[in-house]
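K.L.:
need coordinates for the following:
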Amino acid sequence: MKKLVLALIALIVVITIPNMQSGVGTDSETSSAAVTQRSATTTDTRWRSGSQVNGSGTVVRVLSDDNDGSRHQRFILEVSAGRTVLIAHNIDLAPRIRSLSQGDTVSFFGQFETNDRGGVIHWTHKDPQGRHVDGWLEHDGQRYQ
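P.N.:
Okay, the predicted model is just below:
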């Protein structure tokens, strides 16, 4: 019986520790903090689809809004020498960045998805259903989420 109890405890520890480290099964604040600690920065060239990334860049082009389905403010950021990403910021869930211009600096925290043009960063807003890590954009000292 003692061996069975010890085996169960060991199994619980093996299952619980990885979940605690990844933020699985925790409240959204703890989960956000765990993801923030693991997130890649703009100096990290190993961004993977689905990963949370943060950093900043320079606006190289402001694009028209995507109005198919959920509306998104879109712009291209150069995040490192020669590396650009599309920012797709949901303006149905978060405020639009007003007065955004080429040359402006924007900081971000969102989910990266790869594509043939360098990638897209989305989920730059709060999740109203609380199932996804909250993201954000910052421009001229103001946070948009």
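K.L.:
output the contacting helices and strands for the helix or strand hosting Thr58.
P.N.:
Using DSSP states H and E, Thr58 maps to strand 52-62. Strand 52-62 sits against helix 28-38, strand 40-41, strand 72-80, strand 83-90, strand 105-113, with contacts defined as 3 or more CB pairs under 8 Å, 6 or more residues apart in numbering; DSSP states H and E. C-betas here are computed from N, CA, C, even on glycine.
K.L.:
okay, the angle between that strand and strand 72-80?
P.N.:
100 degrees (axes from the mean of the first three to the mean of the last three CA atoms, to 10 degrees).
K.L.:
any idea of the mean pLDDT for strand 52-62?
P.N.:
Mean pLDDT, strand 52-62: 96.
K.L.:
CA atoms only for that strand, dumped as PDB, please.
P.N.:
Provided in PDB are the C-alpha atoms of strand 52-62 (Å, rounded to 0.1, in the frame of the first residue of the first chain):
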ATOM      1  CA  GLN A  52       4.100  34.800 -27.400                       C
ATOM      2  CA  VAL A  53       6.600  37.400 -28.400                       C
ATOM      3  CA  ASN A  54       7.300  40.900 -27.200                       C
ATOM      4  CA  GLY A  55       9.600  43.700 -28.400                       C
ATOM      5  CA  SER A  56       9.400  46.900 -30.400                       C
ATOM      6  CA  GLY A  57      10.000  48.100 -33.900                       C
ATOM      7  CA  THR A  58       9.700  51.000 -36.300                       C
ATOM      8  CA  VAL A  59       6.600  51.400 -38.500                       C
ATOM      9  CA  VAL A  60       7.600  51.100 -42.100                       C
ATOM     10  CA  ARG A  61       4.200  51.100 -43.600                       C
ATOM     11  CA  VAL A  62       0.600  51.800 -42.400                       C
END
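K.L.:
what's the domain layout of this protein?
P.N.:
Annotated domains of the chain cover 1-38, 39-144 [automatic domain parsing].
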